[in-house]
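Student: Return atomic coordinates for the entry below.
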Amino acid sequence: MGFLRADFTWGWKALVIAGIALLFGGFAVLMYGEFSPSIGLQGVIDYGIRALGFVAMGTGVVCFVPVILRDPWRSRPRTEEGWRTLRGEAAREAGVIALNLVCYVGAGLVALGALTALGRAPVAAGITMLISLAVLVRYRWHRWKHRCTYDHLKPFGIVLIMLAFGLVAGIIGGMQAADAIADAAEGPSEEACMLNGFKEQRPSGRGAAFNATDLVIDFTTGVGNKHVYVSIKEQDRAVLQQIVDTGGFVRLTYYPRTNVFVRAESSLGWRTTDNTSGAN
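Tutor: Below is the predicted model of the structure:
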C-alpha cells in the first residue's frame, strides 16, 4: 500500500490506517443509512446513522492531510537562498495556474456565451466563438510545449481539497445528526393537512447504485397554510397507500426536522389549532 511506506513510524502508519478505516467505514455506514427503513423512529435513527457516515468520511480524509504534508515539510529549504528559490518557483507555478484559469475557463465561458447569442447576432457571435476556440487551441499547444509540473503547489492544492471535503462533510453530517437527535428526543409532530402531490426523485447515471429513490410528498397545513414535506425511500413505497386511503385530507404524523414520515390517517375537515405529539 503506497501510504504505508517503509520509512513511516508506527504512529504514521496508525494515522493512515485510521484514515482508511474511517473513510471506507463511513462510506459503508452512509450506504446502510441510505437503503435502510425511512419511516418512524427507525427512520430517524437511520437518518442519524447516515449523518455519522458523512462525519466519519470527512474525518478519514482529514487524517491524510499530515501524511501529504510530511514530505514537503521534510524537504523544506534550510537556507535563506533556498527559501528565495522556493518562493520564486511557487510564484511561477501560481502564475501558470492563474493563466490556465483565464485561458481555459475564461475563453470557454466566452465561447459558450457566443453560442447562446448565435441566433441574435450570428456574425459577431460566430467571430467571437472562433477567436475563443483559437485561444484555447493556441494556449493548449503552448502548454504542451512548455510543461509545468506544479511540484511545489500540488501537495497544498490536494490538502486544500481534503480540508474542504472534510469541512463540508462535517458540517452536513453534524447538522443532520443534530436534527436526528432533536427529533428523537422531542418526538413526532401532528398536523391536519391537505395532500398537494408528490415528486419522485430517482437518481440516474453512475450515482444511481449509491442512492435510493426518494418520494417527496407535499402537504399544506390547515393552520397557516404552510407546506410540510416528508420524504420516503423507495423501499418504503408501500406506506403511500396510507396517504391514498385518506382521500387527500390527512392527519399527518411526522418528524419535522428530518422530514421522516410516521403515519397518515383520514382527517375530517381542518383543525383550528396546531398539535404536537401526544395530542388526541
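Student: Show the residue spans covered by the strands in the stretch 151-280 of the chain.
Tutor: 189-201, 214-221, 227-233, 249-255, 260-266, 275-276 (DSSP state E, counting those that start in this stretch).
Student: packing partners for the longest helix seen in the chain?
Tutor: Longest helix of the chain, by residue count under DSSP state H: helix 154-186. Here helix 154-186 touches helix 40-63, helix 65-74, going by 3 or more CB pairs under 8 Å, 6 or more residues apart in numbering; DSSP states H and E. Placement of C-beta: from N, CA and C, glycine included.
Student: hmm, back to that, among the strands of the stretch 151-280 of the chain, which is the most enclosed?
Tutor: strand 249-255 (a mean of 23; mean count of other CB atoms under 10 Å).
Student: Show me what that one pairs with in its sheet, parallel or antiparallel.
Tutor: strand 189-201 (antiparallel), strand 260-266 (antiparallel) (DSSP bridges).
Student: Run through who's touching the shortest one.
Tutor: When contacts are defined by CB atoms under 8 Å, 6 or more residues apart in numbering, strand 260-266 is touched by residues 38-40, 43-44, 47, 183, 188, 217, 230-232, 236, 239, 242-243, 245-247, 249-255.
Student: Name the surrounding residues that touch stretch 31-49.
Tutor: 29, 50-51, 53, 176-177, 179-181, 183-184, 210-212, 231-233, 235-236, 239, 255, 258, 260-262.
Student: please redo it, this time with the cut-off set to 6 Å
Tutor: By CB atoms under 6 Å, 6 or more residues apart in numbering, the residues outside stretch 31-49 that reach it are 29, 50, 53, 177, 180, 183-184, 212, 232-233, 236, 239, 255, 258, 260-262.
Student: What of stretch 109-124?
Tutor: Stretch 109-124 is contacted from outside by Ala125, Thr128, Met129, Ser132, using CB under 6 Å, 6+ apart.
Student: Find the nearest non-adjacent residue to the second one, please.
Tutor: The one in question is Thr128. In space, and not counting its chain neighbours, Thr128 is closest to Ala114: 4.1 Å by CB to CB, 6 or more residues apart in numbering.
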